[in-house]
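S.K.: predicted structure and sequence below. I'll ask about it afterward.
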Number of protein chains: 2
Amino acid sequence: MDLWYTEFHTPNAGLKLKVKETLFVGRSNYQTIEVLDTYEYGRVLLLDGLVMTSDRDEHIYHEMITHPALYLHPAPKNVLIIGGGDGGAVREVVKHGGVERVVLCEIDGLVIETCKKFFPRVASELNGNDRVAVVVDDGTEYMGRNISIFDILIVDSTDPIGPAEGLFKEDFYKKCLAALRPDGILVAQSESPFYNINIIKEMHRNLREAGFPVINFYIGAIPTYPSGLWSWVMASKKYDPSKDFDPARFAAHRVNAKYFTDEICRAAFMLPAFFKEAVFT
Amino acid sequence: MDLWYTEFHTPNAGLKLKVKETLFVGRSNYQTIEVLDTYEYGRVLLLDGLVMTSDRDEHIYHEMITHPALYLHPAPKNVLIIGGGDGGAVREVVKHGGVERVVLCEIDGLVIETCKKFFPRVASELNGNDRVAVVVDDGTEYMGRNISIFDILIVDSTDPIGPAEGLFKEDFYKKCLAALRPDGILVAQSESPFYNINIIKEMHRNLREAGFPVINFYIGAIPTYPSGLWSWVMASKKYDPSKDFDPARFAAHRVNAKYFTDEICRAAFMLPAFFKEAVFT
């Protein structure tokens, strides 16, 4: 029997993956959680039917949502990750030896448990690393209790429908601004430039209205994500990726990565014409 | 009735597009040619069942296969395009006012006729531009009759199966070297870094064996192509993209493009870690 899973990226286009078997289906208070074993991408985590993580290309997303900010900030010590229950972002952050504490604040405990069980290489730092704290809580609530504490805040969320909707709003970004130290940096995943340019424009507007003085988007190629091109936004209180990356910091401390390099870190901020035009004009 | 077309990028993964109707099916001496009208990507050209060109994202491929070499060369006048029967590469090349003559050498006349009819915005320069010559011939044969003539040679081919197989071999690259002037540049599409890294490695080896002294790959994001990440190789007799791009040339003469920018032109050569490692170590 041929089993196929299709994620519809729009009503008229999608990615089709051949499935060996369904390893897990669960329902939390927030969403449906499924784990498929696929032939091409290994294990795939679906939340409400959408691909979040695959064994074969998860490293790209997780390297790109973490390392640029961790290199831009001259000495990041305290990092908060909101969402990111698979643990991939945590795994990348702890590669930076100077980081003293990473808090993962994921609203859905079942995502964490599922990933620990089915994605051990992704969730590898969620157990037994004393620099890592795992909190099952609402990210906005958690930030309200932790003011001016974090050097870097990473919003590793699902799409702006369902549980993550609030994480794309001005009010949330104001709370991020407050939770960050005076030279802190916020990074958030910001969807596909091809399919979701309007979400990107709105994020840009909301971050500006919230009061972030330096806002830049950057891109990376992720085969299992809609259109294959993905983006992240870096909203910063002080450091500017167009001039503050320090080559000495890259040279002094190199993370082991499969996609990210010093060059990719600079290249990712160079945006295609349509992206620049849509967001910055 | 719901009509869907799936291109299988591997036996286990593919892109699924909803189809309004099939506008054309033809069979030439070389391949099957189809034109679909899709909801998400507009008209789509298939050769032997694989997506070559879509109305919505063709500009990315055509801008990226042309402009980097046309900016790297200080004064390109004569350009040869092998393959590229849809005319998109020609359309981009003639945006460079200094180019005196572009020859399109496509083996399959039916591709040209089909694109003139169904993709008028792509094939727009194939009629009535006196700087453009369209030749229906085998590219290798054509080059054998035109030695040391071209400043830039663009191999806009299908995949290395079927009619284009020879266009990925050392023997063909030797003929390219001979057809180029002493400071000429060859550009060829070089498949998906995610799915076809072995083809990329072989192209690199073959180009080196053929005698090109400067070989670099570069990348761009194309949603309808396998994995969404595509690559091109630039094999040069003299100019080196790592040091010879002249900012003054970009500033003096800017092409109208939707993806390509000066920045993208530099960023595209900055490769992900896995790509650099596979090809250059």
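M.R.: That came in fine, so what should we check first?
S.K.: which parts of the stretch 51-200 of chain A sit against chain B?
M.R.: Residues of the stretch 51-200 of chain A lying near chain B by C-beta under 8 Å from any C-beta of the partner chain: A:Asp57, A:Ile60, A:Phe194. The way it works is simple: take the backbone N, C-alpha and C, and place the C-beta from them, glycine included.
S.K.: would you mind measuring from the residue in chain A positioned nearest to chain B to A:Pro163?
M.R.: Nearest residue of chain A to chain B, counting by C-beta to the nearest C-beta: A:Gly228, 1.4 Å away. Counting by C-beta to C-beta, to the nearest Å, the gap from A:Gly228 to A:Pro163 is 25 Å.
S.K.: looking at these two, which one has more neighbours?
M.R.: Legend: neighbour count by other C-beta atoms under 10 Å in any protein chain shown for A:Gly228 and A:Pro163, higher for A:Gly228 (28 against 18).
S.K.: contacts only, for the closest residue to the more buried one other than its chain neighbours.
M.R.: Spatially, and ignoring its direct neighbours in sequence, A:Gly228 is nearest to B:Gly228 (1.4 Å; C-beta to C-beta, 6 or more residues apart in numbering or on different chains). If a contact means C-beta atoms under 8 Å, 6 or more residues apart in numbering or on different chains, then B:Gly228 has A:Ala221, A:Ile222, A:Pro223, A:Ser227, A:Gly228, A:Leu229, B:Ala221, B:Ile222 as its contacts.
S.K.: re earlier: what is the nearest of the residues of the stretch 51-200 of chain A next to chain B to A:Asp108?
M.R.: Nearest to A:Asp108 among those: A:Asp57, at 22.2 Å, using C-beta to C-beta.
S.K.: wait, A:Leu70 touches A:Val99, no?
M.R.: Yes: in this structure A:Leu70 lies within contact range of A:Val99 using C-beta atoms under 8 Å: 7.4 Å.
S.K.: mutual contacts of those two, please.
M.R.: Joint contacts of A:Leu70 and A:Val99 (C-beta under 8 Å, 6+ apart) are A:Pro76, A:Val79, A:Val93.
S.K.: can I get these in CSV including pLDDT and neighbour count?
M.R.: Formatted as CSV, the shared contacts of A:Leu70 and A:Val99 follow (pLDDT from 0 to 100; neighbours: other C-beta atoms under 10 Å in any protein chain shown):
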residue, pLDDT, neighbour count
A:Pro76, 98, 23
A:Val79, 98, 28
A:Val93, 98, 29
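S.K.: let's have those in a markdown table, adding secondary structure.
M.R.: What follows is those, written out as a markdown table (DSSP: H, G, I helix; E, B strand; the rest coil):
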| residue | secondary structure |
| --- | --- |
| A:Pro76 | coil |
| A:Val79 | strand |
| A:Val93 | helix |
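S.K.: quick one: residues in contact with the helix or strand where A:Ala89 lies.
M.R.: Take DSSP states H and E as the rule and A:Ala89 turns out to sit in helix A:88-93. Residues from elsewhere that reach helix A:88-93 (C-beta under 8 Å, 6+ apart): A:53, A:58-59, A:61-63, A:65-67, A:70, A:79, A:81, A:84, A:99, A:102, A:104, A:122-126, A:132, A:154, A:156, A:255, A:257.
S.K.: now do stretch A:137-150
M.R.: Here stretch A:137-150 makes contact (C-beta under 8 Å, 6+ apart) with A:78-80, A:82-83, A:103, A:105, A:107, A:135, A:153, A:155, A:166-167, A:172, A:175-176, A:178-182, A:184.
S.K.: mind redoing it with 7 Å?
M.R.: A:78-80, A:82-83, A:105, A:107, A:135, A:166-167, A:172, A:175-176, A:178-181, A:184 (C-beta atoms under 7 Å, 6 or more residues apart in numbering or on different chains).
S.K.: ok, stretch A:263-280 next?
M.R.: For stretch A:263-280, the surrounding residues in contact (C-beta under 7 Å, 6+ apart) are A:64, A:67-68, A:71, A:193, A:197, A:200-201, A:204, A:216-220, A:241, A:245, B:257-261, B:263-264, B:266-267, B:270, B:272.
S.K.: buried residues of that stretch, list them for me.
M.R.: For stretch A:263-280, burial by neighbour count (16 or more other C-beta atoms under 10 Å in any protein chain shown) applies to A:263-275, A:278-279.
S.K.: end to end, how far does it reach?
M.R.: One end of stretch A:263-280 sits 24 Å from the other (C-alpha to C-alpha, to the nearest Å).
S.K.: just how off-centre is that stretch within its chain?
M.R.: Its chain's C-alpha centre and that of stretch A:263-280 lie 18 Å apart, by C-alpha atoms, centre = their mean, to the nearest Å.
S.K.: over to stretch A:141-154?
M.R.: Offset of stretch A:141-154 from its chain centre (C-alpha atoms, centre = their mean): 16 Å.
S.K.: now do the end-to-end distance for that stretch.
M.R.: Using C-alpha to C-alpha, the end-to-end distance of stretch A:141-154 comes out at 15 Å.
S.K.: what about the helices in chain A?
M.R.: Secondary structure of chain A by DSSP state H: the helices cover A:58-72, A:88-93, A:109-118, A:139-144, A:170-179, A:197-210, A:247-252, A:262-267, A:273-280.
S.K.: which of those helices is buried the deepest?
M.R.: When neighbours are counted by mean count of other C-beta atoms under 10 Å in any protein chain shown, the highest per-stretch mean among those falls to helix A:88-93, a mean of 27.
S.K.: what does the pLDDT read for A:Thr53?
M.R.: We have a pLDDT of 97 for A:Thr53.
S.K.: ok, it - contacts?
M.R.: For A:Thr53, the contact set (C-beta under 7 Å, 6+ apart) comprises A:Leu45, A:Asp86, A:Gly88, A:Phe119, A:Val122.
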